[in-house]
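J.: missing the sequence, but the structure's below:
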């Protein structure tokens, strides 16, 4: 019995030493951040905002690799199949992490099964916009306008199942309004038609919304975050506008392949935490329309678990489905 006890103690000590050595030896080569969308977009901007300071903390180069296609699915598969050693990470948005699993009937990954959450880094509220010719100066006035014209008010989106589609669907559910969805191939043509009056309503990310609101090309009625946004300080939240509990915000986060060692996850999560303390990073993130919102690995995992059923319900109610 004593021999068995000594053997078990020696094995435990060996594992502890091995784990410590593993943590000390990581990273041993450049870190690759996979972005499942083309260069130049919001995720790319977010990645490049963090890479310089991240490589200073980790002591290795941090490279951004674009694997665009299928709403971020191609990039997710690339990371899912990579060695779980912490040297390959995915930067993903709300769509990739929590909308796609409900939207695609044959999605090749499951977020909480095939990935290990590392850190949430940002939240991205949207603005609810109308064409300036719509006779509504507030969200309540717009609701009255739409209610008196069931099925006659259109809203545009960047495509079926995306966040710009689902947020208005959530708004419809919360208010009982009947509006008609007009999907476009991307936010640019949808926004063009909003300004032209072909659609009357849209949910759009803050930077573009704020710019065109200030030019008078669209009118921002409310923002979807709990607090007002610095880019649109005069625009109330949806909650302030009378819709209790309506807080719907997109987010960005980093994930690693499932099976990544806990000590490596902890080191990466801590590195992102250090980067997110930088005033320069925070200020530039706000200028890009995102709110700094760091969560470590465990809290990010809990956050994802709570968000998935919420967005799955929105997808179900919208009727959106992709193969």
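T.: That came through fine. Quick caveat: nothing in here was measured; it's all calculated off a predicted structure.

J.: can you tell me the distance between the two ends of stretch 76-92?
T.: Taking C-alpha to C-alpha, to the nearest Å, stretch 76-92 runs 8 Å from one end to the other.

J.: neighbouring contacts of that stretch?
T.: Applying C-beta atoms under 8 Å, 6 or more residues apart in numbering, the contact partners of stretch 76-92 are 26-36, 43, 46-47, 67, 72, 75, 96, 100, 108-109, 114-116, 118, 252-261, 264-265, 267-268. In short, each C-beta sits where N, CA and C put it, glycine included.

J.: Count the residues that sit near the residue lying closest to residue 208 once chain neighbours are set aside.
T.: Excluding the flanking residues, the one nearest residue 208 by C-beta to C-beta, 6 or more residues apart in numbering is residue 191, at 6.7 Å. Neighbour count of residue 191, defined by other C-beta atoms under 10 Å: 23.

J.: Kindly report the same for the one 4 residues further on.
T.: The number of residues packed near residue 195 is 17, by other C-beta under 10 Å.

J.: In space, what's closest to it - neighbours in sequence excluded?
T.: residue 217 is the one closest to residue 195 (C-beta to C-beta, 6+ apart), at 4.9 Å.

J.: Surely the one you found is in a strand?
T.: No - the assignment for residue 217 (DSSP: H, G, I helix; E, B strand; the rest coil) gives coil, which keeps it out of a strand.

J.: picking that back up, just the buried residues from the contacts of stretch 76-92, in PyMOL please.
T.: Filtering the contacts of stretch 76-92 down to the buried ones (16 or more other C-beta atoms under 10 Å) takes a single PyMOL command:
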select buried, resi 26+27+31+32+33+34+35+36+43+46+47+67+72+75+96+100+109+114+115+116+118+252+253+254+255+256+257+260+261+264+265+267+268
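
J.: quick one on the thing from earlier: can you pull the contacts of the residue nearest to residue 208?
T.: 156, 202, 204, 208, 212, 218.

J.: quick one: it and residue 199, what's the gap?
T.: 9 Å (C-beta to C-beta, to the nearest Å).

J.: Residues in contact with both of those two, list them for me.
T.: Residues touching both residue 191 and residue 199 (C-beta under 8 Å, 6+ apart): residue 156.

J.: Run a quick neighbour tally on residue 133.
T.: So residue 133, with other C-beta under 10 Å, has 8 neighbours.

J.: Same check on residue 245?
T.: Residues near residue 245, counting by other C-beta under 10 Å, number 8.

J.: Adjacent strands (with direction) for the strand ranked longest in the chain?
T.: Looking across the chain with DSSP state E, the single longest strand is strand 115-124. Counting by DSSP bridges, the strands paired with strand 115-124 are strand 250-257 (antiparallel), strand 291-295 (antiparallel).

J.: Quick one: mean pLDDT for that strand?
T.: For strand 115-124, mean pLDDT is 96.

J.: and it, how far from the chain's centre?
T.: 8 Å (C-alpha atoms, centre = their mean, to the nearest Å).

J.: try stretch 71-80
T.: With C-alpha atoms, centre = their mean, you get 15 Å for stretch 71-80.

J.: as a whole number, average confidence for that stretch?
T.: Rounded mean pLDDT across stretch 71-80 is 94.

J.: in it, what counts as buried?
T.: Buried residues in stretch 71-80, counted by 16+ other C-beta under 10 Å: 71, 72, 73, 74, 75, 76, 77, 78, 79, 80.

J.: returning to what we had before: between the strands paired with strand 115-124, which gets nearest to residue 315?
T.: strand 250-257 (14.5 Å; C-beta to C-beta).

J.: ok, then the element right after the closest one?
T.: Downstream of strand 250-257, the first helix or strand assigned by DSSP states H and E is helix 262-275.

J.: Pretty sure residue 153 sits against residue 175.
T.: No - using C-beta atoms under 8 Å, residue 153 is not in contact with residue 175, being 11.9 Å away.

J.: one step back: would you turn the strands paired with strand 115-124 into a markdown table with mean pLDDT?
T.: As requested, those are arranged in a markdown table below (pLDDT from 0 to 100):
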| stretch | mean pLDDT |
| --- | --- |
| strand 250-257 | 96 |
| strand 291-295 | 95 |
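
J.: Of these, give the one that comes closest to residue 234.
T.: Residue 234 lies closest, by C-beta to C-beta, to one member of those: strand 291-295, at 17.9 Å.

J.: which residues touch that closest one?
T.: With contact meaning C-beta under 8 Å, 6+ apart, strand 291-295 is reached by 119-125, 225, 229, 249, 251, 253, 272-273, 276, 281-282, 285-286, 303.

J.: Kindly give a single ChimeraX line that selects the buried subset of those residues.
T.: This is the ChimeraX syntax for the buried subset of the contacts of strand 291-295, where burial follows 16+ other C-beta under 10 Å:
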select :119,120,121,122,123,124,125,225,229,249,251,253,272,273,276,281,285,286,303
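
J.: circling back to that earlier point, any chance of the strands paired with strand 115-124 in JSON lines, plus distance to residue 242?
T.: Listed next are these as JSON lines, based on distance: least, C-beta to C-beta, whole Å:
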{"stretch": "strand 250-257", "distance to residue 242": "23"}
{"stretch": "strand 291-295", "distance to residue 242": "23"}
